[in-house]
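Asker: Below is the sequence, then the predicted model.
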Amino acid sequence: MRIATFNANSVRARLDIVLDWLNKHDPDVLCMQETKVRDEEFPLGPFQDAGYHVSFKGQKSYNGVAIISKTRPVKVSFGLGGRNSDETRLAYARFGALHVINTYVPQGREITHEMYQYKLKWFRRLKKYFDQKFTARMKVVWVGDLNVAPEAMDIHNAVQQAKHVCYHVDVRRSFASTVGWGFVDVFRMHHSEPGCYTFFDYRQRNTLKENKGWRIDHVLATPSLAKKCTDSFIDLEPRGLERPSDHTFLVADFAI
DNA sequence: ATGGTCGGCAACCGA
């Protein structure tokens, strides 16, 4: 079972990249974030033609999540629940005993911005969501653009980023608390080396060439599932293409 | 400190 995640930054603009990638890497599940499209305009046909089922929730211009899968999920839902459920930031799908949660965590904008507080709160709400819906003994996988570099080794220039909304000590604590609900970072499980990144800012030059990136996309699995993770890797290739996304594809393989 | 580049969408906002 291959599970992958990709922040598309517009599923329509990256459609060819995603379809080519599906064809090449043959994942069972691909979670996408920032699809940036209303549901009625989602390019469903091309995915169906490629043999995939798609569960999606989007809006105009911003956010939007999709779970692309070879089999039809038993159950699908969107959002954290409650007020400001953020349905275009969280997608859930169950495949048999496997529970997949795909999130596009709020970026936070600035440390002083109210969206940063919203981001910290989002991690608390998400932990509660896990508490209410699952137990850490179940096979749960949480993937997506989580907008947090958990450790210094997850950014090329950590010392300069102490006040960045994706690395500040408070956001790392919030993230760690939610991870502490019962998740294992399966990418780190297979890669202890530094210099592994999933995001390369294209507002700056040569970030990919000089490997100046951030590891802010993640695959996190509960222990019983993590135990079955045979490999995880980052595919940098889409960054080298003509119309790259700033994010890469992150893959995890499970012997289930 | 600033600006750099994208995508959506039609002026800027978000990243």
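Answerer: Arrived safely. Owing to the predicted nature of the structure, the values given are computational and were not obtained by experimental measurement.
Asker: residues from the stretch 1-150 of chain A in reach of DNA strand B?
Answerer: Within the stretch 1-150 of chain A, the positions adjacent to DNA strand B are A:9-10, A:12-13, A:36-37, A:60-62, A:106-107, A:109, A:115 by C-beta under 7 Å from any atom of the strand. The C-beta positions use only the backbone N, C-alpha and C, and glycine is treated the same way.
Asker: please redo it, this time with the cut-off set to 6 Å
Answerer: Contact residues (C-beta under 6 Å from any atom of the strand) of the stretch 1-150 of chain A with DNA strand B: A:9-10, A:12-13, A:36, A:60-62, A:106-107, A:109.
Asker: So what does A:Gly195 look like in phi/psi?
Answerer: Backbone torsions for A:Gly195, taken as degrees, to the nearest 10, come to phi 80, psi 20.
Asker: these two touch, right, it and A:Lys212?
Answerer: No - look at A:Gly195 against A:Lys212 with C-beta atoms under 8 Å: they stay out of range, at 10.1 Å.
Asker: list residues touching both of the two?
Answerer: Residues touching both A:Gly195 and A:Lys212 comprise A:His156, with contact defined as C-beta atoms under 8 Å, 6 or more residues apart in numbering.
Asker: still on that earlier bit, in JSON lines, list the residues of the stretch 1-150 of chain A next to DNA strand B along with pLDDT and distance to A:Leu22.
Answerer: Supplementary listing: those in JSON lines, determined by pLDDT from 0 to 100; distance: C-beta to C-beta, whole Å:
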{"residue": "A:Asn9", "pLDDT": "96", "distance to A:Leu22": "17"}
{"residue": "A:Ser10", "pLDDT": "96", "distance to A:Leu22": "17"}
{"residue": "A:Arg12", "pLDDT": "97", "distance to A:Leu22": "16"}
{"residue": "A:Ala13", "pLDDT": "95", "distance to A:Leu22": "16"}
{"residue": "A:Lys36", "pLDDT": "97", "distance to A:Leu22": "19"}
{"residue": "A:Lys60", "pLDDT": "96", "distance to A:Leu22": "25"}
{"residue": "A:Ser61", "pLDDT": "95", "distance to A:Leu22": "25"}
{"residue": "A:Tyr62", "pLDDT": "96", "distance to A:Leu22": "24"}
{"residue": "A:Pro106", "pLDDT": "98", "distance to A:Leu22": "28"}
{"residue": "A:Gln107", "pLDDT": "97", "distance to A:Leu22": "26"}
{"residue": "A:Arg109", "pLDDT": "96", "distance to A:Leu22": "32"}
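Asker: Which pair in the residues you listed has the greatest spatial separation?
Answerer: Farthest-apart pair in those is A:Arg12 and A:Arg109; separation 24.9 Å (C-beta to C-beta).
Asker: quick one: the nearest residue to A:Val179 once chain neighbours are set aside and DNA strand B, what's the gap?
Answerer: In space, and not counting its chain neighbours, A:Val179 is closest to A:Leu220: 6.2 Å by C-beta to C-beta, 6 or more residues apart in numbering. According to C-beta to the nearest atom of the strand, to the nearest Å, A:Leu220 and DNA strand B sit 20 Å apart.
Asker: Show the contacting residues for A:Leu220.
Answerer: A:Leu220 neighbours (C-beta under 8 Å, 6+ apart): A:141-143, A:179, A:183-186.
Asker: what do you get for A:Phe233?
Answerer: Contacts for A:Phe233 (C-beta under 8 Å, 6+ apart) come out as A:190-191, A:250-251.
Asker: Among those, name the ones in helices.
Answerer: Residues of these located in helices (DSSP state H): A:His190.
Asker: sorry, back to before: which one's more surrounded, A:Gly195 and A:Lys212?
Answerer: When A:Gly195 and A:Lys212 are compared for neighbours, A:Lys212 comes out ahead with 16 against 11, by other C-beta atoms under 10 Å.
Asker: Within the helices and strands, which one has that one?
Answerer: Counting by DSSP states H and E, there is no helix or strand that carries A:Lys212.
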